[in-house]
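> show me how the following folds:
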Amino acid sequence: MLQTLLVTGTGVTGVSYHYWWVGLPDMWVPIGGIFSTLRLIPLVSTRRSASAGR
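Below you'll find the model as predicted:
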């Protein structure tokens with residue numbers, strides 16, 4: 001459940017760097033970049049869980 005929330009939360013916020021292209025403030029570029037990077041954490045965690053279950 002936690003992994004699902006992390007993937008969803010970071011995914012939605014991670015695309016916020018696209019807001020810059022529609023004219024919203026520049027603050028969305030670094031915020032979107034940070035959350036785009038954070039999207040990897042739950043995915044790596046899921047991969048490790050799957051590998052440990054073999």
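> hmm, who's touching the lowest-mean-pLDDT helix or strand in the chain?
When the helices and strands of the chain are scored by mean pLDDT, DSSP states H and E, helix 2-14 comes last with a mean of 72. Under the criterion Cβ atoms under 8 Å, 6 or more residues apart in numbering, residues 31, 32, 35, 36, 38, 39, 41, 42, 43, 45, 46 lie in contact with helix 2-14. From N, CA and C alone the C-beta is placed, and that goes for glycine too.
> for the helix or strand hosting the fourth one, which helices and strands make contact with it?
To tie it back to what came earlier, the one meant is residue 36. Taking DSSP states H and E as the definition, one finds residue 36 inside helix 28-38. Counting contacts by 3 or more Cβ pairs under 8 Å, 6 or more residues apart in numbering; DSSP states H and E, helix 28-38 packs against helix 2-14.
> on that earlier part again, what comes up buried for the least confident helix or strand of the chain?
Burial within helix 2-14, assessed by neighbour count using 16 or more other Cβ atoms under 10 Å, is assigned to 6, 7, 10, 13, 14.
> same list (these) but as TSV, adding distance to residue 24.
As requested, these are arranged in TSV below (distance: Cβ to Cβ, whole Å):
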residue	distance to residue 24
6	25
7	24
10	19
13	14
14	15
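> which of the residues you listed sits closest to residue 50?
Distances from those to residue 50 were compared by Cβ to Cβ; the smallest belongs to residue 7, at 14.3 Å.
> taking their axis directions, the least confident helix or strand of the chain and helix 28-38 sit at what angle?
Orientation of helix 2-14 against helix 28-38 (axes from the mean of the first three to the mean of the last three Cα atoms, to 10 degrees) gives an angle of 160 degrees.
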